[in-house]
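> predicted structure and sequence below. I'll ask about it afterward.
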Amino acid sequence: MKRKLEISELIFKIISYTLLTVFALCCLYPFVYAVSASLSGRAAVEYGSVVLFPKDVQFDAFARMFGDNMFWNAYSNTLFLTLYGTLWSMLTAILGAYALSKRRLLFRKFFNFFLVFTMWFSAGIVPQYLNYLATRDVFRVFGIQDDKWLVVIAMGMAAMNIILLRNAFEGVPSEIEEAAIVDGASEFQVLSTVYIPMSKSTIATVALFFAISRWNGYFWARQMISNSNEHPLQVFIRLRLEQYTDPEIIAGWSETFASDSVIYALIVCSIVPILIIYPFIQKYFAKGVNVGGVKE
Amino acid sequence: MKDRAADFLEFDREAQVYRISPEQAVRDDVEKHYWRHVGVTILKDWRLYIMLVPMLLVFLFWRYFPMYELLGCFKVSDDVVPVSQQLFSGFSYFRRLLAGGDQLSTDFWRALRNTFILSFYGLCFGFPIPIILALFFNEIRSNAARSVYQVLTYLPKFMSTVVMTSLVTMLVKQGSLTTGMGIINQALSNLGLISGEVANAGLLNNPSFFRSIYQISGIWEGAGYDSIVFFAAIIAISPTSYEAAQIDGADKWAQMRYVVLPSILSTIVIMLITRIGSLLNIGYEKVLLLYNTNTYVTADVVSTLANRVGMGNNPQPGVAAAAEMMNNVIGMLLVIGANTIARKASNTSLY
């Protein structure tokens, strides 16, 4: 009996390690290939002889991209949208979640339903688009010509994130709050000195979710921002991809590097900043997955 | 019955009668002047209600107003006139989509079928793989080695949809052997799995590859990350359960079957509900970025169809809204249905 256990355990262990290694390598390979292709010479890329390591190394594709003003513009637009968007989303979400976490709030059930319903039912792309056009006109009336601000204010609200925050606030022991009130703290002081410090890790997780969705935002940014100088990085990458895979451009290509290398360089440049901060945010990322709002 | 009576009645010993208790008097007063009490409570606690306002406004403006626009599906659409002033035309758009007999109706049925197929395949392949990965992660005893594997498999999740689809597009792109075809078609054609012409045309221009590309890229992107939640459930299992099973002579498979699986079942159920709930909520962004006119046959889903019909040249927002209305209502029924079944079956529910 004991032997049977050991054999089955061993078999399972071998299978696990093999399949995991294969899967992990498959996950990694496209990135390695992207780096190699962005650094390889034109002939090597076009004849498909780049497989793992770069051949005839050149840095012209990167130089070409770094020399492009639009690239830096797109990067700064993305930073703008991510920074202000996350701040705005966090401000509304923390205040709203704090109010929702209070049992004494009137119509609490209704407000909760108001949020949760948006997770069940969304209007869809076209009605949202018509609504954005209408709100854009309203913004214009108030003198906000800049489409970026509309994207900052209108986008990226997620009911799930607010519910995560609400649950964290509900978990704060009420004795501490009462002590603060006895000491004469106002509602806002209670929130900023008791609730926010006591649910720091959930706040970090939610801020990370908001920031990621802002950083990655593509569709609405492309629909809503008409001025190409204001396009964020994601829209820029897509437009360049459409441009550089156009057969006409490829036919007239006369550089020392392949047109593909520029796209790969662009992809590498958009991933690198995330890889740099990845070790710092990883634990919050993993933590946030444990489903919020679950009732058992 | 007696208990409830005692709740609002009070025995007056002197007069030997029951009287309404003071608590009940307050309750009666609240009931009589309900809205005044609401106003007083809100005024007394106004800071709390002010905090709620920005969030409610954002949801009202950009989540609920679009739902009002969605009602355009019942109206005679005319771009200039707002929804409120349009004539009610009943279900004409729905009839046109479901039984119009023209190109639009054919496209709609195709899109609906594609939506179901894409999400059903996602459920069949995308759902079990993270669970299997989590079981494998659990086998690795060394923390350092496991971290390396986990970091490598989470990595693709950190790409945006645009970067991911750009990378996929580049890896399978069209071309000849001298103009840089994608490395994947090159490899597949060298292995003899696809013919030279198919490889030259690019896999994304071939309708028969779209579903596979969609699912494989989805697994590549999400499987590692999705396994976190299952892995967390597995490591929460107490070691004594395994020991007990081992004493009873359970081999590895029996331990999986009788210890691990029952312990993570509630997690699986919850994840399944979320999955079924978003069954029709196909990531339109990803389809939009991967499909093209050549692959509409297998790639076009309801959202992308609505996007083309309602926002392209010559927009028809009414028809598009009707298409999305059907999609969303079916989607919502699926969420609520899945949730109810799960609650009945295992006392686990999401909402």
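Received the coordinates, thanks.
> in the stretch 151-300 of chain B, which spans are helices?
Under the criterion DSSP state H, counting those that start in this stretch, the stretch 151-300 of chain B contains helices at B:161-171, B:183-190, B:196-201, B:207-235, B:239-247, B:252-255, B:261-277, B:284-290, B:296-299.
> buried deepest among those, which one?
Stretch with highest mean neighbour count among the helices of the stretch 151-300 of chain B: helix B:161-171 (a mean of 24; mean count of other CB atoms under 10 Å in any protein chain shown). Placement of C-beta: from N, CA and C, glycine included.
> now for it, which elements pack on it?
For helix B:161-171, the packing partners by 3 or more CB pairs under 8 Å, 6 or more residues apart in numbering or on different chains; DSSP states H and E come out as helix A:2-39, helix A:233-244, helix A:259-287, helix B:207-235, helix B:284-290.
> mind checking how far the residue lying closest to A:Phe53 once chain neighbours are set aside is from B:Ser176?
Using CB to CB, 6 or more residues apart in numbering or on different chains and skipping residues adjacent in sequence, the residue nearest A:Phe53 is A:Ser36, 5.8 Å away. Going from A:Ser36 to B:Ser176 by CB to CB, to the nearest Å gives 21 Å.
> in terms of neighbours, single out the busier of those two.
A direct count of neighbours by other CB atoms under 10 Å in any protein chain shown for A:Ser36 and B:Ser176 places A:Ser36 higher, at 21 against 12.
> thinking the more buried one is in contact with A:Val50, fair?
Yes: at 5.3 Å, A:Ser36 counts as touching A:Val50 under the criterion of CB atoms under 8 Å.
> in the stretch 151-296 of chain A, which residue sits nearest chain B?
Here the stretch 151-296 of chain A gets closest to chain B at one residue, A:Asn216, 3.6 Å apart by CB to the nearest CB.
> list the single closest residue to that residue in space, sequence neighbours excluded.
Closest to A:Asn216 by CB to CB, 6+ apart is B:Ser160, at 3.6 Å.
> do the same with B:Met55
Closest to B:Met55 by CB to CB, 6+ apart is A:Gly96, at 3.0 Å.
> what helices or strands is the helix or strand hosting that neighbour leaning on?
Under the criterion of DSSP states H and E, A:Gly96 resides in helix A:69-100. Contact analysis of helix A:69-100 by 3+ CB pairs under 8 Å, 6+ apart lists helix A:108-120, helix A:147-154, helix A:159-170, helix A:200-216, helix A:233-244, helix B:46-59 as its packing neighbours.
> which secondary structure elements does the longest one contact?
Same thing as helix A:200-216. Using 3+ CB pairs under 8 Å, 6+ apart: helix A:200-216 touches helix A:69-100, helix A:159-170, helix A:259-287.
> and the next element down the chain from it?
helix A:219-224.
> count of residues packed around the spatially closest residue to A:Asp56 that is not a sequence neighbour?
Spatially, and ignoring its direct neighbours in sequence, A:Asp56 is nearest to A:Gly41 (3.0 Å; CB to CB, 6+ apart). Around A:Gly41 sit 20 other residues, with neighbours defined as other CB under 10 Å.
> doesn't A:Asp260 make contact with A:Gly41?
No: counting by CB under 8 Å, A:Gly41 stays clear of A:Asp260, with 11.8 Å between them.
> just to revisit the earlier point, how near is the residue nearest to A:Asp56 to B:Gly175?
Going from A:Gly41 to B:Gly175 by CB to CB gives 17 Å.
> how about A:Asn216?
Taking CB to CB, one finds A:Asn216 at 28 Å from B:Gly175.
> mind giving me the domain split of the chain?
Went with chain A since none was named. A:1-58, A:68-287 (automatic domain parsing).
> could you do chain B instead?
B:1-44, B:53-90, B:97-346.
> could you dump those domains into a markdown table with mean pLDDT added?
Supplementary listing: the domains of chain B in a markdown table, determined by pLDDT from 0 to 100:
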| stretch | mean pLDDT |
| --- | --- |
| domain B:1-44 | 75 |
| domain B:53-90 | 78 |
| domain B:97-346 | 86 |
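> out of the ones you listed, deepest packed?
domain B:97-346 (a mean of 18).
> ok now that domain, how far from the chain's centre?
11 Å (CA atoms, centre = their mean, to the nearest Å).
> buried set for the helix or strand of chain A with the lowest mean pLDDT?
The helix or strand of chain A with the poorest confidence is helix A:247-251; it has a mean of 77 (mean pLDDT, DSSP states H and E). Going by neighbour count (16 or more other CB atoms under 10 Å in any protein chain shown), the buried part of helix A:247-251 is A:Ile250.
> and for stretch A:123-143?
So, applying 16+ other CB under 10 Å, buried residues of stretch A:123-143: A:123-132, A:135-136, A:139.
> run through who's touching that stretch.
The contact list for stretch A:123-143 (CB atoms under 8 Å, 6 or more residues apart in numbering or on different chains) reads A:147, A:149-150, A:154, A:220, A:223-224, B:61-63, B:65-67, B:69-70, B:72, B:284, B:303, B:306-307, B:309-311, B:317, B:320-321, B:324-325, B:327-328.
> same deal with stretch B:31-49?
Under CB under 8 Å, 6+ apart, the answer for stretch B:31-49 is A:99, A:102, A:104-106, A:186-188, B:30.
> which one of these has the most neighbours?
A:Ala99 (25 neighbours).
> surely that residue is in contact with A:Leu105?
Yes: between A:Ala99 and A:Leu105 a contact is recorded at 5.9 Å, counting by CB under 8 Å.
> mutual contacts of the two, please.
Between them, A:Ala99 and A:Leu105 share the contacting residues A:111, B:48-49, B:52, judged by CB under 8 Å, 6+ apart.
> may I ask which two of those are separated the most?
Using CB to CB, the shared contacts of A:Ala99 and A:Leu105 span at most 11.4 Å, a distance reached by A:Phe111 and B:Leu48.
> isn't there a strand covering B:Val10?
Not Val; residue B:10 is Glu. Yes: under DSSP: H, G, I helix; E, B strand; the rest coil, B:Glu10 sits within a strand.
> pull the contacting residues for it.
B:18-22.
> list just the nearest of these to chain A.
B:Pro22 (21.5 Å).
> gap between the nearest residue in space to that closest one that is not next to it in sequence and B:Lys32?
In this structure, B:Pro22 finds its nearest non-sequential neighbour in B:Glu10, 7.8 Å apart by CB to CB, 6+ apart. Taking CB to CB as the measure, B:Glu10 falls 20 Å from B:Lys32.
> also B:Val319?
Remark: distance between B:Val319 and B:Lys32 (CB to CB) = 52 Å.
> swap in A:Leu79?
57 Å.
> quick one on the thing from earlier: in JSON lines: the helices and strands packed on helix B:161-171, plus distance to B:Ile336.
Formatted as JSON lines, the helices and strands packed on helix B:161-171 follow (distance: least, CB to CB, whole Å):
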{"stretch": "helix A:2-39", "distance to B:Ile336": "35"}
{"stretch": "helix A:233-244", "distance to B:Ile336": "34"}
{"stretch": "helix A:259-287", "distance to B:Ile336": "29"}
{"stretch": "helix B:207-235", "distance to B:Ile336": "23"}
{"stretch": "helix B:284-290", "distance to B:Ile336": "22"}
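> to B:Phe137, which of those helices lies closest?
Of all the helices and strands packed on helix B:161-171, helix B:207-235 comes closest under CB to CB, at 5.2 Å.
> just so I know, which of the helices and strands packed on helix B:161-171 lies nearest A:Ile176?
Per CB to CB, nearest to A:Ile176 of the helices and strands packed on helix B:161-171: helix A:259-287, 22.6 Å.
> buried residues in the closest one?
A:259-271, A:274, A:281, A:284-286.
> so what touches stretch B:63-71?
Counting contacts by CB under 8 Å, 6+ apart, the residues touching stretch B:63-71 from outside are A:118, A:121-124, A:127-128, A:130-131, A:134-135, A:157, B:83, B:321, B:324-325, B:328.
> swap in 10 Å and give it another go.
A:114-115, A:117-118, A:121-135, A:157, A:159, B:56, B:59, B:82-84, B:86, B:88, B:317, B:320-322, B:324-325, B:328 (CB atoms under 10 Å, 6 or more residues apart in numbering or on different chains).
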